[in-house]
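Undergrad: Show me the folded form of this:
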Amino acid sequence: MAAVHGLTRFRTLDLPSSRRLTGWEEHNARALVGLRAEPFGSFDGTEVNLTLPRLQVARVAGTPHAVDRDVRQIALHPADGVVVYFSLSGENQFSHRGGTSLIVPGQALVVDGDQPFRRTFAHGLTELVLKAPRSLLREIRPGTVKPQVFSFQHDAHARALVTALSGALRGGPADWDGLESVATDLLGTLLGGGCSAAADLAAAHAFIAAHLADQDLSAGRIAAAIGYSERHLSRLFSNSGQSVPQAVLNARLDAARAVLGEPISLAEVAARNGFVSQAHFSRTYKARFGVTPRQDRREFLPVSATSES
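TA: Residues are numbered from 1 along each chain as shown. Prediction:
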């Protein structure tokens with residue numbers, strides 16, 4: 001049977017008020033993990049879900065509430081895998097048999113989906129969720145998974161995973177199979193299963209994307225930030241068909257092209273993406289895309305908005 005995957009969206013506001021909490025619980029039991037929700041006042045929640053052949057991904061937002069993954073929920077809706085929660089906004093308290101932790105934005109929480117826990121979102125939440133089956137975990141990281149917290153702001157591989165998942169949930173390039181392969185490699189690295197070339201390359205690309213405005217974005221700086229040698233970095237990019245400087249330039253040009261529709265000057269577009277001058281930006285842009293930035297932006301902006309020099 002062919003794998004079925006793609007994006008779906010769920011909003012409690014689309015349900016009658018009397019059904020919103022129950023609908024939220026039912027949706028999460030189907031799409032992610034069965035939880036019992038306890039709202040602090042009226043409750044609203046939204047969720048974007050992506051189902052891949054072996055992974056389940058979501059972006060979740062909700063008003064203040066708490067959730068319990070208790071023995072009843074585990075029996076009714078076994079997860080049979082690990083769940084990773086990446087906190088984007090709204091701190092939350094995580095309680096389990098081993099104690100209690102405060103998770104703040106920029107941190108990720110890893111849990112075994114079939115162990116009881118409680119999470120409390122006193123100020124609401126926005127987070128990314130990744131669920132992986134136990135069969136996949138055995139391939140990428142043998143052994144049990146205990147609750148752990150780590151930063152995805154300072155860990156290059158974690159940041160790369162967040163970048164990949166966020167882009168897909170925004171409706172980015174629909175290479176779902178490629179996304180699952182990279183996400184699996186990155187998850188294995190985060191769980192201590194060792195690094196792969198694909199995971200290291202994804203981490204490097206994520207670091208580049210986060211620092212496009214820095215004119216000193218060199219191979220040495222990228223390698224140091226990610227934690228491996230410049231030689232290894234060069235080999236990774238060479239095997240992918242480009243040099244590190246080419247990868248940085250292409251990332252800058254792609255990012256600049258993506259904002260040509262914004263009502264800002266070409267000089268600002270160039271500066272925002274790390275080009276030393278507007279002339280250098282225009283020259284390299286034409287070499288890459290066959291047209292100048294000014295010619296290209298006419299496709300996005302009305303004529304009156306493209307008259308700046």
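
Undergrad: Helices of the stretch 51-200 of the chain, start to end?
TA: For the stretch 51-200 of the chain, applying DSSP state H, counting those that start in this stretch gives helices covering 71-76, 134-140, 156-169, 176-190, 197-210.

Undergrad: what's in contact with the longest one?
TA: For helix 176-190, the external contacting residues (Cβ atoms under 8 Å, 6 or more residues apart in numbering) are 5-6, 50, 52-55, 57, 84, 110, 130, 132, 136, 140-141, 150, 155, 157-158, 160-161, 164-165, 168, 194-196, 198-199, 202-203. In short, each C-beta sits where N, CA and C put it, glycine included.

Undergrad: Can you select the buried ones from those in PyMOL?
TA: Buried residues among those (16 or more other Cβ atoms under 10 Å), as a PyMOL selection:
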select buried, resi 5+50+52+54+55+57+84+110+130+132+136+140+141+155+157+158+160+161+164+165+168+195+196+198+199+202+203
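
Undergrad: Reformat the helices of the stretch 51-200 of the chain as JSON lines; add mean pLDDT and distance to Val276.
TA: Shown next, in JSON lines, are the helices of the stretch 51-200 of the chain (pLDDT from 0 to 100; distance: least, Cβ to Cβ, whole Å):
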{"stretch": "helix 71-76", "mean pLDDT": "95", "distance to Val276": "56"}
{"stretch": "helix 134-140", "mean pLDDT": "84", "distance to Val276": "42"}
{"stretch": "helix 156-169", "mean pLDDT": "88", "distance to Val276": "26"}
{"stretch": "helix 176-190", "mean pLDDT": "85", "distance to Val276": "32"}
{"stretch": "helix 197-210", "mean pLDDT": "86", "distance to Val276": "17"}
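
Undergrad: So for Pro293, which of these sits nearest?
TA: Ranking those by their distance to Pro293 (criterion: Cβ to Cβ) puts helix 197-210 first, at 19.6 Å.

Undergrad: For the next helix or strand along the chain from the closest one, list the C-alpha coordinates in CSV.
TA: As assigned by DSSP states H and E, the chain's next helix or strand after helix 197-210 is helix 219-226. Taking Å, rounded to 0.1, in the frame of the first residue of the first chain, the C-alpha atoms of helix 219-226 are listed here in CSV:
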residue,chain,number,x,y,z
ALA,A,219,33.6,27.6,6.8
GLY,A,220,35.7,27.8,10.0
ARG,A,221,32.9,29.5,11.9
ILE,A,222,30.3,27.0,10.7
ALA,A,223,32.4,24.0,11.6
ALA,A,224,33.3,25.4,15.1
ALA,A,225,29.6,26.1,15.9
ILE,A,226,28.5,22.6,14.9
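
Undergrad: what's the following helix or strand after helix 219-226?
TA: Assigned by DSSP H and E, the successor of helix 219-226 is helix 230-239.

Undergrad: Need the residues that contact the next helix or strand after that following helix.
TA: Next along the chain after helix 230-239, taking DSSP H and E as the criterion, comes helix 244-258. Residues outside helix 244-258 that contact it (Cβ under 8 Å, 6+ apart): 204-205, 208-209, 212, 217, 219, 222, 233-234, 237, 240, 242, 269-270, 272-275, 281, 284-285, 288-289, 293, 296.

Undergrad: if you set the cut-off to 6 Å instead, what comes out?
TA: Outside helix 244-258, the residues within contact range by Cβ atoms under 6 Å, 6 or more residues apart in numbering are 208, 212, 217, 219, 237, 269, 273-274, 285, 288.

Undergrad: need the residues you listed in TSV with neighbour count and distance to Arg97, can you?
TA: Shown next, in TSV, are these (neighbours: other Cβ atoms under 10 Å; distance: Cβ to Cβ, whole Å):
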residue	neighbour count	distance to Arg97
Ile208	21	41
Leu212	19	44
Leu217	20	45
Ala219	18	46
Phe237	20	45
Val269	22	52
Asn273	19	48
Gly274	21	48
Tyr285	25	56
Arg288	15	55
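
Undergrad: a markdown table please, covering those and showing distance to Ala251.
TA: Listed next are the contacts of helix 244-258 as a markdown table, based on distance: Cβ to Cβ, whole Å:
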| residue | distance to Ala251 |
| --- | --- |
| Ile208 | 5 |
| Leu212 | 6 |
| Leu217 | 9 |
| Ala219 | 13 |
| Phe237 | 12 |
| Val269 | 14 |
| Asn273 | 9 |
| Gly274 | 9 |
| Tyr285 | 13 |
| Arg288 | 11 |
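
Undergrad: rewinding a little: looking at the helices of the stretch 51-200 of the chain, which is closest to Ala37?
TA: Nearest of the helices of the stretch 51-200 of the chain (Cβ to Cβ): helix 71-76, 10.6 Å.

Undergrad: With that, I have no additional questions.
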